[in-house]
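Trainee: return a 3D structure for these sequence lines:
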Amino acid sequence: MLLTASAAGASAGPDQVVIAAAVRSLEGDHDRAVAAVHVLRAGGQRAARQIRDAWPALSPLAQKRALGALERLAKKHEAAIEVLVTAARSDDGEVRDRGLRILSRTTPRGGEGLVLLLSDPTVGDRAAALLARTAPGLAIEPLLDSIASPGGEDRRGLRSALGIAAQHSGQGASERLRMWLRGEPPAAAVASAAMGLASLDAYREVITSFIEYAVLQSPDFATKWRLLLSAKAAGPSAEVDLWVRRQLDGPEEWMLRQSAVDAITARGHREEVRGALDDPYPRVRSRAATVLSGDPDTLVQRATLARRDTWPLVRAEAVTSLRAEGQALPVIVASVDDSMSVVRAAAIEVLAASSHDEGWERVHRRLRARNEWPRVTAAAIGYVVAHCRTDAVGALLRIVMRAAPSTALTEDLNNSARAIEALRALGSPEAEAAVEQLGNTDGVPPTLQMALEQPPPKDGGCASSGR
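Mentor: Residues are numbered from 1 along each chain as shown. The predicted structure is shown next:
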């Protein structure tokens, strides 16, 4: 009956009665539902409105079937867009996902539907991402408005979508962003928007304008933090430089001071960070030591931190910061025997990267120490390979054997595999004999067996380098 009625009125489209019957048939068996979808696709505005009015009473199965007709109807009829927006808010995951996908494929009407979803706490961020990718020209103003709405500044999805939309919107996007700023939005929203644009070099001047605007409004912690992150990507500005400089020692929150260290460094004023080496909070001191690596004016101060700071984190970062400064080599060597493993590992890693095998006696002791922390042992194995220390074969073999007991820890297994790789890289007769001995040993764990069966290094390892 349904198919017959549809065929009879094909030229004018199905009438109201046939459409109503088709909507009811969405709840029927498979064949009746398929026929109903065909009728509804041809039903135009009347079908879109009938589905919209019936939607709340339809079962999830019938709603999914109706979506097959809505994808075509949405191209011309507003009522279909309204239904898809409702579907995108569904508690049913499949209905929700299909509704969003259809909106994203239906331009330009679908983009308008996605705009309506931006404020939805469940699907708003996903709608923002789809809108930015499929209709970037439409997306910028709605995304900015959503960021400026209560709580919008904290939504990472909106910031990310703004960056995507700006990237694909062409040259006119900068002026649209500036027009929004002229409307005097909240500083928190401006900082969030700046953060969303921070990865785009083409918007450096816009980011600068955003920061200059927002810092005048006594921003709160979250806003200051976002402004500092954005300042790393902002263009030249004496005003921005001055504000960032004040955050190096002004705020009580250490996170702001640490972010200021990164921001002022990124802006080309690393020398401003020197005072942060005396910051009362260890994470700020450690970050300052990192960015000041190679700075001759702070060599002594960083060396002092490496040996005397009360926090291992600071000592480790200070040691690493000395990696390119030959005068500090005695400090790095001494740090191999630091009381904390994180510092010992950092010192050995720096020495491994050095062109000379300084500190080998201390590193060798760490390699042989049965109670050493795994990360330090791993660093020492790296040193052996980097400097082709063929006199480490015995120590490496003992490390491999630590994995023999069934109770061996994962860290021991990992270091044992590293030790086997080191033996293969050394390539000396003694190292090759050790690998052969291990290959003939019963009960070798599968992980180590795989390491033993690996082909020789392509570059020939230490044997080919002549070291």
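Trainee: helix or strand next in line after the helix or strand harbouring V400, which one?
Mentor: Assessed by DSSP states H and E, V400 sits inside helix 393-401. Proceeding N to C from helix 393-401, the next assigned helix or strand is helix 410-426, under DSSP H and E.
Trainee: can you list contacts of the helix or strand just after that next one?
Mentor: Downstream of helix 410-426, the next assigned helix or strand under DSSP H and E is helix 429-439. Identification of contacts with helix 429-439 by CB atoms under 8 Å, 6 or more residues apart in numbering yields 390, 393, 396-397, 400, 420, 423-424, 444, 448, 452. In this view, the C-beta of every residue, glycine as well, is placed from N, C-alpha and C.
Trainee: same question, stretch 365-378
Mentor: 336, 341-342, 344-345, 348, 380-381, 384, 392, 395-396, 398-399, 402, 409, 411-412, 414-415, 418.
Trainee: one more time with 10 Å, if that's ok
Mentor: With contact meaning CB atoms under 10 Å, 6 or more residues apart in numbering, stretch 365-378 is reached by 336-338, 340-349, 359-360, 363, 379-381, 383-384, 389, 392, 394-396, 398-399, 402, 409-412, 414-416, 418-419.
Trainee: re earlier: tell me which other helices or strands the helix holding V400 touches.
Mentor: Helices and strands touching helix 393-401, by 3 or more CB pairs under 10 Å, 6 or more residues apart in numbering; DSSP states H and E, are helix 360-368, helix 374-386, helix 410-426, helix 429-439, helix 446-452.
Trainee: which of those has the lowest average pLDDT?
Mentor: Mean pLDDT is lowest for helix 446-452 among the helices and strands packed on helix 393-401, at a mean of 75.
Trainee: before we move on, back to that, of the contacts of stretch 365-378, buried ones?
Mentor: 336, 338, 340-349, 359-360, 363, 379-381, 383-384, 389, 392, 395-396, 399, 402, 412, 415-416, 418-419 (16 or more other CB atoms under 10 Å).
Trainee: check contacts around A346.
Mentor: Taking CB under 10 Å, 6+ apart, one finds 306, 312-313, 315-323, 332, 335-336, 338, 340, 375-376, 379 in contact with A346.
Trainee: what bits of the stretch 151-300 of the chain have low per-residue confidence?
Mentor: Across the stretch 151-300 of the chain, nothing is flagged by pLDDT under 70.
Trainee: before we move on, the earlier item: how far out from the middle of the chain is the helix holding V400?
Mentor: Relative to its parent chain, helix 393-401 has a centroid offset of 39 Å by CA atoms, centre = their mean, to the nearest Å.
Trainee: do the same with stretch 281-294
Mentor: On the basis of CA atoms, centre = their mean, stretch 281-294 sits 23 Å off its chain's mean C-alpha point.
Trainee: could you do stretch 354-374 as well?
Mentor: Counting by CA atoms, centre = their mean, stretch 354-374 comes out at 35 Å from the chain centroid.
Trainee: and if you look at stretch 199-217?
Mentor: Worked out by CA atoms, centre = their mean, stretch 199-217 lies 22 Å from the chain centre.
Trainee: just the buried residues of that stretch, please?
Mentor: 200, 203-204, 206-215.
Trainee: with distance to C462 as new columns, can those residues be given to me in JSON lines?
Mentor: Converted to JSON lines, the buried residues of stretch 199-217 look like this (distance: CB to CB, whole Å):
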{"residue": "L200", "distance to C462": "46"}
{"residue": "Y203", "distance to C462": "50"}
{"residue": "R204", "distance to C462": "48"}
{"residue": "V206", "distance to C462": "54"}
{"residue": "I207", "distance to C462": "50"}
{"residue": "T208", "distance to C462": "52"}
{"residue": "S209", "distance to C462": "57"}
{"residue": "F210", "distance to C462": "55"}
{"residue": "I211", "distance to C462": "52"}
{"residue": "E212", "distance to C462": "57"}
{"residue": "Y213", "distance to C462": "59"}
{"residue": "A214", "distance to C462": "57"}
{"residue": "V215", "distance to C462": "56"}
